[in-house]
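J.: Sharing a sequence plus its predicted fold:
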12 protein chains.
Amino acid sequence: MYKIAIINGPNLNLLGEREVDIYGNISFEDYLAKLENMHPDVQLSYYQSNVEGELVNHIHTCRETVDGIVFNGAGYTHTSVAIADAIAAIKPPVIEVHISNLYGREDYRKTSLTACNCVGIITGLGLNGYHLAIEHFKHILTSEAP
Amino acid sequence: MYKIAIINGPNLNLLGEREVDIYGNISFEDYLAKLENMHPDVQLSYYQSNVEGELVNHIHTCRETVDGIVFNGAGYTHTSVAIADAIAAIKPPVIEVHISNLYGREDYRKTSLTACNCVGIITGLGLNGYHLAIEHFKHILTSEAP
Amino acid sequence: MYKIAIINGPNLNLLGEREVDIYGNISFEDYLAKLENMHPDVQLSYYQSNVEGELVNHIHTCRETVDGIVFNGAGYTHTSVAIADAIAAIKPPVIEVHISNLYGREDYRKTSLTACNCVGIITGLGLNGYHLAIEHFKHILTSEAP
Amino acid sequence: MYKIAIINGPNLNLLGEREVDIYGNISFEDYLAKLENMHPDVQLSYYQSNVEGELVNHIHTCRETVDGIVFNGAGYTHTSVAIADAIAAIKPPVIEVHISNLYGREDYRKTSLTACNCVGIITGLGLNGYHLAIEHFKHILTSEAP
Amino acid sequence: MYKIAIINGPNLNLLGEREVDIYGNISFEDYLAKLENMHPDVQLSYYQSNVEGELVNHIHTCRETVDGIVFNGAGYTHTSVAIADAIAAIKPPVIEVHISNLYGREDYRKTSLTACNCVGIITGLGLNGYHLAIEHFKHILTSEAP
Amino acid sequence: MYKIAIINGPNLNLLGEREVDIYGNISFEDYLAKLENMHPDVQLSYYQSNVEGELVNHIHTCRETVDGIVFNGAGYTHTSVAIADAIAAIKPPVIEVHISNLYGREDYRKTSLTACNCVGIITGLGLNGYHLAIEHFKHILTSEAP
Amino acid sequence: MYKIAIINGPNLNLLGEREVDIYGNISFEDYLAKLENMHPDVQLSYYQSNVEGELVNHIHTCRETVDGIVFNGAGYTHTSVAIADAIAAIKPPVIEVHISNLYGREDYRKTSLTACNCVGIITGLGLNGYHLAIEHFKHILTSEAP
Amino acid sequence: MYKIAIINGPNLNLLGEREVDIYGNISFEDYLAKLENMHPDVQLSYYQSNVEGELVNHIHTCRETVDGIVFNGAGYTHTSVAIADAIAAIKPPVIEVHISNLYGREDYRKTSLTACNCVGIITGLGLNGYHLAIEHFKHILTSEAP
Amino acid sequence: MYKIAIINGPNLNLLGEREVDIYGNISFEDYLAKLENMHPDVQLSYYQSNVEGELVNHIHTCRETVDGIVFNGAGYTHTSVAIADAIAAIKPPVIEVHISNLYGREDYRKTSLTACNCVGIITGLGLNGYHLAIEHFKHILTSEAP
Amino acid sequence: MYKIAIINGPNLNLLGEREVDIYGNISFEDYLAKLENMHPDVQLSYYQSNVEGELVNHIHTCRETVDGIVFNGAGYTHTSVAIADAIAAIKPPVIEVHISNLYGREDYRKTSLTACNCVGIITGLGLNGYHLAIEHFKHILTSEAP
Amino acid sequence: MYKIAIINGPNLNLLGEREVDIYGNISFEDYLAKLENMHPDVQLSYYQSNVEGELVNHIHTCRETVDGIVFNGAGYTHTSVAIADAIAAIKPPVIEVHISNLYGREDYRKTSLTACNCVGIITGLGLNGYHLAIEHFKHILTSEAP
Amino acid sequence: MYKIAIINGPNLNLLGEREVDIYGNISFEDYLAKLENMHPDVQLSYYQSNVEGELVNHIHTCRETVDGIVFNGAGYTHTSVAIADAIAAIKPPVIEVHISNLYGREDYRKTSLTACNCVGIITGLGLNGYHLAIEHFKHILTSEAP
């Protein structure tokens, strides 16, 4: 059974009550339950923190325990060399997910320090981006299996 | 039955024989057959051109005939205001797909003129990005259905 | 009788049905009929293409057949050295026209590669800009006549 | 009878004797007489000042007395937030006119702080640009009339 | 009794009738009466001009007659080295006030040439910013008194 | 009784002993006692942290418990998208305060990522800036009261 | 017998009649005859198009049929990622040739998107640059021969 | 007898009492008397204004009455296209003088919009720069005399 | 006996197992033992954290307890004003150490926000950089001793 | 008999033993012998120096003694205004040659200060670039001969 | 008797025969004789070199032997930190002289690395600039004398 | 016995008498004697030149005669591609040393063209930086020895 970690960055704990027109009105906890239903063949873990360094810590702990990471760095996407280095320092592949289309927002959201160390990025497809990232991990893990 | 157009930009006709380490060794035609198998409930159309203006033309023709467009503008992604305007001019939603992770390549590949007019972008997940984009269209079309 | 060519660039074939709040709801063909009525003393020709190189081709063909060109390069205004070179390569004067006020839109619409090779630019005056450009050609052609 | 104000910025009082190869050898006062002949149905007023703040003052006084303003900010076009704010602060529409084609001159003449607050811009068509701007005001004022 | 000068720059004479959603609908003259009521222990003077150089002149005249200046340079904030030099050339401290939050507006409003020569800046707190600036002058003048 | 939170960012715990020529020699705790004396009609809370994410956390906890926030992000002002997003995500208005005049210091202190999400900014007025911010909250809360 | 393709980009069809002071007054067709005389041991093919995508198409067709390509992208040199990608996608080496010295002209002509994918560049040596490029291909093809 | 105009820009009326460490403690009026003593063979006129447009006006009036202008634009040096245009619009040569060495001060003082239209610039040599500029005018006027 | 603190920033806890080609395969704990052997005359303390604010906290605690700090801010070097301010806020001198040569890596690693507040920087000399920094502290502490 | 000078800049004395993968393993002296064999009708002179000013000196000495100069400025290409001025100061035409394709290397190698003063540039064609440059000189010298 | 050194940089040895329209047709040696005649009370020394480091050397030798230096760095003005450092390292004041008006030429001639370490700069006044610089040295040396 | 070359760039011959507050008051020759005492097991050679190309020459001569180079390029650090290329062209490792902390000085001193070709950099540790660089060479040479 594949193990996939979902890691969310700052302010995503407010999902569902914050800027509803951009991010939607469902909390991530509720969505997580849906994800688990959709992927009974995957062992999902979930972590959220508003602290950059704790995200680094958690990425480190995943380095020997998971097959892939779905990561939404939120505001740290654009400012954190530390997280980018953490992603480069570990083996499991990381897919970067953003709920909104960053290209349609402020200029500083159009750069990502973390993206170049990830295998790929999914942007603007809402919470469904998390589901698609998991689908992709299942696809590549299955293809690579002997 | 949903109608989804796949539109590929310049040099993607060489897929499978060009820069195999970046783009893989399968032609898009072969992959298209796989996509059709995976999505029997979707009517897929396919168009490829190396000519910027013909891509504009084809995007125009799609404006009343499809439910969504999966678009890989390739080199025109970074230089074409004309295509960006064409996407803005039509109703059907567009998902931008790139096979390789543009953030890990030349600087000029990190900007997209077309992305801000798309609903979302999938980058770096190989040919599977096309599949995920179709999955996403099915997801939103189903949710919106009455 | 003066001969004036009107040349429209990409997406202007959708005029009247595309982004109506910016560009108005009349097609260019309908407006052309009005122009012909207003200028019975001018032989107007009209060409539209979404293909950058075909616009170059058409500008070339005009080089010995017309007295002036009214040119709306649309999205190619900001990206085409090829069209700018074509304008520089021919004799007849060119007036650049834009329907909307480019200064009130995205930053990349504020630069024009073609403008420095034109005699002048009319921006933001709607379709009436085409009429004013023709008025101007008649003014200068008349003054220059022996 | 429509009321249109023509407002000229710095150094335009020297028109006709300054840099004749760029600006021509007719004074604006002489040209104004021509304009009045061409537009007997319009009540034209004329103001010129070399002082940025006096231009702001005059734009303010026009805010309840004219139907449109033809404005050539000359050197202040590129440097005056104060005038741009004045244009934004009043109701009557403003058309920005430049005698020479700014795109063919120094780089700093290619930006306009005032243009985004105007309805449109006419550049490079010589003194005739003033005439065309008046034509345009007559066109829109007539169309809007009940 | 402390003497404080309030100096307003371009377009602030239109306060109350210009862009009411940004600047409110009360004229500065009316607000000044309120300020005088709120600060019976301060001798307030008021000056407004749309002319950059007259603002320089007035700042000069204040240099020996007031204990502090509340200055809203409006559009000249971003473009005037001359005013910045005038502020540096005089003894009385200057507090820069802006009615709206400049950080939420156009990019060119985010830089201030004058701010580095002022003791401090109050931005975005509406007309109340003038009141708070006076409060601050009273605070520091009182603390410094022997 | 109004509830106002004061939140201080990194290194402000050293206030009074750090770089005394820039920041003064009084600790914030001592100043807080003064503030409470000056504002007996306000319930003040105080929080300081050197950890970016803990500031995000604390801003979140304030979102239903206070009427306004006085926020000095110190070094994070210039680098934290995460805090800017947190401010945008909550209802209570935030006033950004800086003790020194940032415009007179290093270039990187002249930009603020957080300011555009605040109602206003007070810079360079020393510790008195906190007092003025509270004054402002009392002013707007009173005006808005039914 | 070596096979070398000469590919010319936009506006080079006007060579000999366009901007004669920069490009000379001989047409490329006439020069081609000279080249064939000078290189009887080489099978030269010639293609010119003003359409970016058709140049991409033609570069593709050369990928298995020629030993080297002499390419003058003209205006597309500075704007076309699509052509740059086409050059990277094929095996035969490409030498970029420009008739005029681009370093002595407009700033935007000083960058080349295509050059980094070519083996070398010859600039400013007039039509003779084509001859020298063919000379070079003969030199390296001969040295590499077994 | 040569006629030379000295024109001083903003804040130079405060010379002698403003920022004495940078500009010295002698007023320009006192220095002017010295200049007149040193140059009995020159008819000096003097004008100072803090208003950009009045400097434009005065430069215009000099265009037929003087043999040369010594101009210190002060703060307008770096921001005034209007004055630069005025200098370009007149015949008499202009020498730009700055009292302090602008290269040793703020970055924005290192650019001059007016300098390219002057014959030369003297910077950093104190009030003596005015004397040297007059010396130079006498030198060239004498050499050019028949 | 001198007291020297070694403080390591994010991801350095993975030293020895992360990107071995860049950082080597020895853990910092193992290296610390070596350092203690090499410097029996120095009391070394060690702290590592992935959290920016905890590094600020720890730097604060060192301000009265150590004679010098050897600091490797890793990813925070390039992004942390907060840490730079902390270094500026304390008395003990700080030497910045980087294991790899930052000048040979990504562009964003070539700037350091913290370096200007340190006494010096040692880059690219591997773990030996820590040893050399301690050597330097011993050198200056000895020279300064009475 | 034509006289052509070959001038090589810094580090080219190490050709053949330095960075062999970029520059090849033949010394320039050896190659020079080949060149002389290939061009018995040309009197070749050769000069190499690592000193910028000596290259200026040598270019000066060539100004009356040669018919053309083949110049490889190496590292000075990107930094030397002095050499660019020397090339502009002399009559004989200069062709700039680079052995490697500078467009495929570091960004700072993509600009040339000297190129705009040369007649043309040959880049990336290895040592053969020198031969082609000589060919070109023979071509133009022959055509220009009476 | 004052001792003043004149130091000229690269290509100025060609003065009088190089680009005569910019620099005039008199050699510096001839002009030097004139200078000596005009300043019999000054002991002039003269040095010219095309080598940056030799200029550094010569500036060093002047540091105890002259009362002032007139320096024209020519092309090194814009590129030499080494010369700028040499000027900063010595006591005698330096006046930077340029023959042509650098502001009317290429952009890269508008910056000076050396100017900020000089007391002043004279630009565009031809060879007379050297004379004026000597005049200035005599002026300040005389004023400072006891 | 290891052989290490110390190479100093421009103006370092004035060490001890130049800008003493930045560089200290000891000459390098005096310090060299100390270094030799501290490192009796190393054969030190010393070279200083103010000429960029002579530094290139000397680096070349070291390429087969030393085990390591301690290099302080001084002003050439920021401007010399030629020296950077020389360092890349030789085998022995180079450590770049700067006496002062470049990060605390002018902006142009924060970039180094040479650093990316060195093994490491020591900045701001005074003359002791040379000693530490030698220490490091001894450390790595010893570890690498068989």
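T.: Structure's in. What do you need? Residues are numbered from 1 along each chain as shown, chains lettered A, B, ... in the order given.

J.: all helices of chain A, in order?
T.: Counting by DSSP state H, chain A has helices at residues A:20-23, A:28-38, A:52-61, A:81-89, A:128-144.

J.: Remind me what the longest one packs against, helices and strands.
T.: What that stands for is helix A:128-144. Using 3 or more C-beta pairs under 8 Å, 6 or more residues apart in numbering or on different chains; DSSP states H and E, the elements in contact with helix A:128-144 are strand A:2-8, helix A:28-38, strand A:42-48, strand A:68-72, strand A:94-98, strand A:120-123, helix B:128-144. For the C-beta atoms, the positions are set from N, CA and C on the backbone; glycine is no exception.

J.: where does A:A133 land on pLDDT?
T.: The per-residue pLDDT reported for A:A133 equals 98.

J.: oh, I was asking about A:E64
T.: 88.

J.: Verify the stated contact: A:N11 with A:T77.
T.: No: counting by C-beta atoms under 8 Å, A:N11 sits too far from A:T77 to count as a contact (11.9 Å).

J.: coming back round to it: in TSV, list the helices of chain A along with mean neighbour count.
T.: Shown next, in TSV, are the helices of chain A (neighbours: other C-beta atoms under 10 Å in any protein chain shown):
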stretch	mean neighbour count
helix A:20-23	12
helix A:28-38	14
helix A:52-61	23
helix A:81-89	24
helix A:128-144	19
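
J.: Dump these to JSON lines, plus distance to I:A88.
T.: Listed next are the helices of chain A as JSON lines, based on distance: least, C-beta to C-beta, whole Å:
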{"stretch": "helix A:20-23", "distance to I:A88": "38"}
{"stretch": "helix A:28-38", "distance to I:A88": "39"}
{"stretch": "helix A:52-61", "distance to I:A88": "21"}
{"stretch": "helix A:81-89", "distance to I:A88": "21"}
{"stretch": "helix A:128-144", "distance to I:A88": "42"}
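
J.: my guess is A:A133 meets A:V94, correct?
T.: No: using C-beta under 8 Å, A:A133 is not in contact with A:V94; the gap is 9.5 Å.

J.: Tell me where the model's unsure across chain A.
T.: Filtered on pLDDT under 70, chain A yields the residue ranges A:144-146.

J.: same thing but 90
T.: Scanning chain A for pLDDT under 90 picks out A:1, A:16-26, A:64, A:104-108, A:110, A:141-146.

J.: CSV for the helices and strands packed on helix A:128-144, including distance to H:S143?
T.: Putting the helices and strands packed on helix A:128-144 into CSV (distance: least, C-beta to C-beta, whole Å) gives the following:
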stretch, distance to H:S143
strand A:2-8, 78
helix A:28-38, 82
strand A:42-48, 80
strand A:68-72, 75
strand A:94-98, 71
strand A:120-123, 69
helix B:128-144, 75
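
J.: Which residues are in contact with each of A:A133 and A:V94?
T.: Common contacts of A:A133 and A:V94 (C-beta atoms under 8 Å, 6 or more residues apart in numbering or on different chains): A:V70.

J.: thinking again about what came up before, kindly state which of the helices and strands packed on helix A:128-144 is positioned closest to J:Q48.
T.: Nearest to J:Q48, of all the helices and strands packed on helix A:128-144, is strand A:120-123, at 50.4 Å by C-beta to C-beta.

J.: Which elements pack onto the closest one?
T.: Counting contacts by 3+ C-beta pairs under 8 Å, 6+ apart, strand A:120-123 is packed against strand A:94-98, helix A:128-144, strand B:120-123.

J.: Chain B contacts on chain A?
T.: A:95, A:101, A:103-104, A:110-112, A:115-116, A:118-125, A:128-129, A:131-132, A:135-136, A:139-140 (C-beta under 8 Å from any C-beta of the partner chain).

J.: Where does chain A get nearest to chain F, residue-wise?
T.: Across chain A, the shortest distance to chain F (C-beta to the nearest C-beta) belongs to A:V51, at 2.9 Å.
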